[in-house]
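Peer 1: Please find the sequence and the predicted model below.
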Amino acid sequence: MKSLIRIMAVLRKEFLQLSRDRLTFGMIVGIPLMQLLMFGYAINTDVRNLTAAYADEADTHLSRQFIADIAASQVINLGRRVETVQDLNRLMDAGAISIGVYVPEDFDRRIIERDRPAVQLLVDGTDPIILGVAQQLTALPIRFDSQTALTPVPSMEVRNYYNPERRSAVNIVPGLVGVILTMTMVMFTSVAIVREKERGNMELLINTPIKTPELMLGKIIPYVLIGLIQLVIVLGMGRYFFKVPILGSYSQLLSASLVFIGANLSLGLLLSTLAKTQFQAMQMAFFVFLPSILLSGFMFPFDGMPPIAQYIAELLPLTHFNRLIRGIILRGADISSMWDELLALLAFMVITLTLAIARFSKRLD
Amino acid sequence: MNSTAIAISATGLTRKFGSLIAVNEVDLEIPAGTIYGFLGPNGSGKSTTIRMLCGLLTPSAGTATVLGMDTVKESEALKQHIGYMTQRFALFEDLTVRENLRFISEVYALPRAKRRARVDQLLEEFSLVAQVKQRAGTLSGGQKQRLALAAATLHEPKILFLDEPTSAVDPQNRRDFWEKLFEMAERGTTILVSTHYMDEAARCHRLAILDEGVKVADGSPKALGENIAYNVIEVVADNPNSARLSLADNPAFTSITQLGVRLRVLVPKQVPDALEQVRSNLRQAQVRAEADQVFPDLEDIFMAVTEERRKGLAI
């Protein structure tokens, strides 16, 4: 009973303080909105309109038609025509173009004899995405205006599951839920506790009969609620702006999110027992945040990473949550088919929370 | 409460921070219901000692019992019975006066029916009624101090630890504050207060003088004055500077402190005719001044005991 009174006291105090801290309040709503719009609109792996130039040394009827075909694909923007391949090199060096199309003098002969490729694509390979686009272009068939449409039958056909329109947002929005929760939950809790150390409130608190788990629970619960608000914002906006559907069950989505929020809050508490100043707490949060965003499968497919990166990624809550939430939201998967991911999150939460309570001392030494 | 009961006792209390010895083998025996002062300059170990007695810091050596409870093993049980007012304002600046007190009343889990009544009573008692809705961060120094004291006494502790409670308030507020402390002591509360103000220390029933973590003297202010190994000669001169110069060469005088037009000269008690020596020095230098032997005040005592200790260390 006394425990409950004390937990409620801390809870009430946290809510009062939160409601008066406009910047934090703004972050709670602002960060999800900003990230959602930025990632949703700006990040697009389906690239179009790359700046390009071409040198058509053949200048035949056939080569002109070929150039027109490429331009029509809209993958590259064939802005300029230059005379020689050296001109293309110069433009590439200057960074003015990412792709150069070189049509050699004997273009027509090469097409007919088919002994070697008829056209060369000069690609700025520093960006792998551009290289990927170039690969796409090589598949473009060259048509003759005569009846001999020698379109080869491809050996494989792609069937696109879950995202038939190939929209990046479909993948990014669910991933963003986890990224935003990682960023805000870890940072808010660790900063909230360290701030009380810095302001001297902690010396008063630890001299009262309040027990460590009571203090921690009272601090955590308001942020669970904030986490859920962020979840609703991201998924709601994702649905409204980017038409990302939620195929799975809401209750499973909620349970997965709650466990994930708990894991991040526990981590935040643990960091707060290590940091002495708010600035240190922020720095530590970044050490969690960066690997999370880069290795969790949010930015790059997990399977493509080297084994060492995969090991690290398995330790991060976000990796497991990304699999859970993408499964539930995009594939309509049942949580029972991913119980190991949920278990990993639970284990992470229990371990970090235990460590945090053990490390938090009601003493100053 | 039995007036002869010991509220706080410590033996060989020591705390080290790395190679620094912040508190060095301090022994204490503080009777219940007294106002006990810790007098010492900044860094003399006052705060560290208080924190050890509250159970917030673990002693590197030695033990302390407060209300019969061990400060290390029984620190949690102890917290229900002690109040601690930190040196720095530790309440929540973004909460109002009432919200702060309400929070404290809930953290100490006062019975629901008593909470509001107790908070109202404290607001009245500490003249904070007009400020109930004001955020604590915007209060004046004196108001903050009253709020902090109200919070520290909300659960009616038997012992109150006050760490330099009056460092940020004006003289009128300090006087009111001390009146509060006397009232509480009369009601049986034991109060341990640290200060570097001599006038405040003089109000304590008993006090300990701390210097570089060592307790160099303790007792009632009067007993301390009687027991020091020095006579105090006060010199009043029109030109205190020349009076000072005329006395500076005499190796028998331990220290000369100037206070406006007055000089206070500490002379070891074993020096015979101290007053005569001062007068003759003044006459030789043809300085017009009056010299008299006076009862040592706290500043003299402080000078004397720290001087004794330095001498001891030098040997």
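Peer 2: Noted; the coordinates are in hand.
Peer 1: Give the burial count for residue B:260, as a bare number.
Peer 2: Close neighbours of residue B:260, defined as other C-beta atoms under 10 Å in any protein chain shown, add up to 7. C-beta coordinates here come from the backbone N, C-alpha and C atoms, glycine included.
Peer 1: Backbone dihedrals for the residue nearest to it when sequence neighbours are not counted, both of them.
Peer 2: Leaving aside its chain neighbours, residue B:260 sits nearest to residue B:240 (7.6 Å; criterion: C-beta to C-beta, 6 or more residues apart in numbering or on different chains). Main-chain torsions, residue B:240, degrees, to the nearest 10: phi -60, psi -30.
Peer 1: and residue B:240, what is it in contact with?
Peer 2: B:258, B:260-263 (C-beta atoms under 8 Å, 6 or more residues apart in numbering or on different chains).
Peer 1: Name the member of the residues you listed with the most neighbours.
Peer 2: residue B:263 (22 neighbours).
Peer 1: Which secondary structure elements does the helix or strand where that residue lies sit against?
Peer 2: Assessed by DSSP states H and E, residue B:263 sits inside strand B:262-268. Where contact means 3 or more C-beta pairs under 8 Å, 6 or more residues apart in numbering or on different chains; DSSP states H and E, strand B:262-268 is packed against strand B:230-237, helix B:240-248, strand B:255-259, helix B:274-284, helix B:298-314.
Peer 1: picking up where we left off before, make JSON lines out of the contacts of residue B:240 and add distance to residue B:200 and pLDDT.
Peer 2: Formatted as JSON lines, the contacts of residue B:240 follow (distance: C-beta to C-beta, whole Å; pLDDT from 0 to 100):
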{"residue": "B:258", "distance to residue B:200": "22", "pLDDT": "87"}
{"residue": "B:260", "distance to residue B:200": "21", "pLDDT": "85"}
{"residue": "B:261", "distance to residue B:200": "25", "pLDDT": "86"}
{"residue": "B:262", "distance to residue B:200": "21", "pLDDT": "89"}
{"residue": "B:263", "distance to residue B:200": "24", "pLDDT": "90"}
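Peer 1: what two of these are the furthest from one another?
Peer 2: For the contacts of residue B:240, the maximum inter-member distance is 9.5 Å, found between B:260 and B:263 (C-beta to C-beta).
Peer 1: where along the stretch 151-300 of chain A do the helices fall?
Peer 2: For the stretch 151-300 of chain A, applying DSSP state H, counting those that start in this stretch gives helices covering A:168-199, A:201-205, A:212-242, A:250-274, A:278-295.
Peer 1: and if you look at chain B?
Peer 2: B:46-54, B:75-79, B:97-107, B:112-125, B:141-153, B:171-186, B:198-203, B:221-227, B:240-248, B:274-284, B:298-314 (DSSP state H).
Peer 1: nearest to residue A:63, of those?
Peer 2: Closest among those, using C-beta to C-beta: helix B:97-107, at 79.9 Å.
Peer 1: Contacts for the closest one next, please.
Peer 2: A:5-6, A:8-10, A:12-13, A:16, A:205, A:208-210, B:91-92, B:95, B:115-116, B:118-119, B:122-123, B:128, B:131-134, B:136, B:139, B:147, B:150-151, B:154-155.
Peer 1: hang on, the earlier thing: I'd like the distance from the residue nearest to residue B:260 to chain A, if you could.
Peer 2: With distances taken as C-beta to the nearest C-beta, to the nearest Å, residue B:240 is found 43 Å from chain A.
Peer 1: Near chain B, which residues of chain A? Just list them.
Peer 2: Proximity of chain A to chain B (C-beta under 8 Å from any C-beta of the partner chain) is limited to residues A:2, A:5-6, A:8-10, A:12-13, A:16-17, A:20-21, A:199-201, A:203-211, A:362-365.
Peer 1: can you do 7 Å?
Peer 2: Within chain A, the positions lying close to chain B (C-beta under 7 Å from any C-beta of the partner chain) are A:2, A:5-6, A:9, A:13, A:16-17, A:20, A:200-201, A:203-204, A:206-210, A:363-365.
Peer 1: Give me the buried subset of those.
Peer 2: Buried by 16 or more other C-beta atoms under 10 Å in any protein chain shown: A:5-6, A:9, A:13, A:16-17, A:200-201, A:203-204, A:206-210, A:364, out of the residues of chain A next to chain B.
Peer 1: Now intersect the residues you listed with the strands, please.
Peer 2: Counting by DSSP state E, those place none of their members in strands.
Peer 1: Just name the lowest-scoring one in those residues, pLDDT-wise.
Peer 2: The lowest pLDDT within these belongs to residue A:364, which sits at 79.
Peer 1: If I follow the layout properly, that one ends up in contact with residue B:51?
Peer 2: Yes: counting by C-beta atoms under 7 Å, residue A:364 does reach residue B:51; the two are 6.2 Å apart.
Peer 1: Touching both of these two, which residues are there?
Peer 2: Common neighbours of residue A:364 and residue B:51, using C-beta atoms under 7 Å, 6 or more residues apart in numbering or on different chains, are residue B:57.
Peer 1: Just the buried positions in whichever strand or helix holds residue A:341, please.
Peer 2: Per DSSP H and E: residue A:341 is located in helix A:339-359. Buried residues in helix A:339-359, counting neighbours by 16+ other C-beta under 10 Å, are found at A:341-342, A:344-345, A:348-349, A:352-353, A:356-357.
Peer 1: What of stretch B:11-19?
Peer 2: Within stretch B:11-19, judged by 16+ other C-beta under 10 Å, the buried ones are B:13-15.
Peer 1: quick check, nearest of the buried ones among the residues of chain A next to chain B to residue B:111?
Peer 2: The nearest one, if we look at these relative to residue B:111 and count by C-beta to C-beta, is residue A:5, at 9.6 Å.
Peer 1: Which residue is the nearest non-sequential neighbour of that closest one?
Peer 2: residue B:109 (4.8 Å).
Peer 1: That neighbour against residue A:6, yeah?
Peer 2: Yes: here residue B:109 reaches residue A:6: they are 6.1 Å apart, a contact under C-beta under 7 Å.
Peer 1: hang on, the earlier thing: any idea which of the helices and strands packed on strand B:262-268 has the lowest pLDDT on average?
Peer 2: Among those, helix B:298-314 scores lowest, with a mean of 80.
Peer 1: can you list contacts of that helix?
Peer 2: B:39, B:198, B:201-202, B:209, B:211, B:214, B:216-217, B:221, B:224-225, B:228-230, B:232, B:254-255, B:257, B:264, B:266.
Peer 1: List buried residues within those residues.
Peer 2: When neighbours are counted using 16+ other C-beta under 10 Å, the contacts of helix B:298-314 contain these buried positions: B:39, B:201-202, B:209, B:211, B:214, B:216-217, B:221, B:224-225, B:228, B:230, B:232, B:254, B:264, B:266.
Peer 1: How much space separates residue A:219 from residue A:86?
Peer 2: In this view, residue A:219 and residue A:86 are 67 Å apart by C-beta to C-beta, to the nearest Å.
Peer 1: Between those two, tell me which one has more neighbours.
Peer 2: Neighbours were tallied for residue A:219 and for residue A:86 using other C-beta under 10 Å; the higher tally belongs to residue A:219 (23 against 10).
Peer 1: per-domain residue ranges of chain A.
Peer 2: Domain ranges of chain A: A:17-43+A:167-359, A:50-138, per automatic domain parsing.
Peer 1: how about the nearest residue to the residue in the stretch 1-150 of chain A positioned nearest to chain B, chain neighbours excluded?
Peer 2: Residue of the stretch 1-150 of chain A nearest chain B, by C-beta to the nearest C-beta: residue A:9 (3.4 Å). Leaving out its chain neighbours, the residue that sits closest to residue A:9 by C-beta to C-beta, 6+ apart is residue B:106, at 3.4 Å.
Peer 1: what number of residues lie near that neighbour?
Peer 2: Residue B:106 has 21 nearby residues by other C-beta under 10 Å.
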